[in-house]
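Enquirer: How does the following fold in three dimensions:
(one chain, ligands or ions: 2)
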Amino acid sequence: MAAPIPVNRIGGPLEVGLHQDGRRLTPQRRKVLELFERIGTGTHLSAEEVHHQLVQEKSKVSLATIYRTLRLLVSMGFLHELELNEGGHRFELSSHDHPDHHHLVCVRCGRTEEFESSQVLDAGRIAAEKIGFQLIESTLNVRAICPKCQ
Ligand SMILES: [Zn+2]
Ligand SMILES: [Zn+2]
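Expert: Ligands and ions are numbered 1, 2, ... in the order given. Next up is the predicted model:
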């Protein structure tokens, strides 16, 4: 599957909250997006967690639908997807207020912590420039084991 173009980095859909693109979404898709907007940036949810949350809000929606919806929201630039090996996939809100950041991920429980590093950004920029690639983003996912799981 081709990587989605992260339009959010360069004038993104969430600049003014749920803008036109968001309003075009079906009610169910909007519900998923609104959940992420409610919890705010910096929270990383799995499809199961999103499903659990919506079921608690009395939404009759299958996990398969949630998966499809999350993929769609990623491809539209509303969400950002983190690919973790053992922990599966997690999703977070794309936002201008929450620029390029990196993740420390516990491979046992999936706990995800964010950090910022200008060195990582610089390394990505320098590497891209050297080979003549146009940079889109530089993010680092560090797989680790959290204190609780050690
Ligand atoms: Zn994050
Ligand atoms: Zn852990």
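
Enquirer: On the three-state scheme, the spatially most central residue of the chain is what?
Expert: Central residue of the chain (C-alpha atoms, centre = their mean): His80, 2.5 Å from the mean position. Three-state assignment for His80 (DSSP: H, G, I helix; E, B strand; the rest coil): strand.

Enquirer: For it, give me the pLDDT.
Expert: pLDDT recorded at His80 is 88.

Enquirer: The one 5 residues further on too?
Expert: With respect to pLDDT, Asn85 has a value of 63.

Enquirer: Which positions in the protein make contact with ligand 2?
Expert: Cys106, Arg108, Cys109, Arg111, Cys146, Cys149 (C-beta under 5 Å from the ion). Placement of C-beta: from N, CA and C, glycine included.

Enquirer: give me the number of residues near the fourth one?
Expert: Read that as Arg111. Arg111: 17 surrounding residues under other C-beta atoms under 10 Å.

Enquirer: Check whether Phe91 really touches Thr41, as I assumed.
Expert: No. Using C-beta atoms under 8 Å, Phe91 makes no contact with Thr41, being 11.8 Å away.

Enquirer: is it true that the residue nearest to the centre of the chain touches Leu70?
Expert: No. Here His80 does not reach Leu70: they are 10.8 Å apart, not a contact under C-beta under 8 Å.

Enquirer: what about Phe91 and Thr41, which has more around it?
Expert: Phe91 (24 against 18).

Enquirer: Excluding residues flanking it in the chain, which one is nearest the residue nearest to the centre of the chain?
Expert: Using C-beta to C-beta, 6 or more residues apart in numbering and skipping residues adjacent in sequence, the residue nearest His80 is Ser94, 4.8 Å away.

Enquirer: ok, so what distance separates that neighbour from ligand 1?
Expert: Counting by C-beta to the ion, to the nearest Å, the separation of Ser94 from ligand 1 is 10 Å.

Enquirer: Could you do His101 as well?
Expert: His101 sits 5 Å away from ligand 1, going by C-beta to the ion.

Enquirer: Could you give the separation of stretch 60-78 from the chain centroid?
Expert: 12 Å (C-alpha atoms, centre = their mean, to the nearest Å).

Enquirer: quick one on the thing from earlier: and the buried ones among the residues of the chain next to ligand 2, selectable in ChimeraX?
Expert: Here is the ChimeraX command that selects the buried residues among those (16 or more other C-beta atoms under 10 Å):
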select :106,111,146
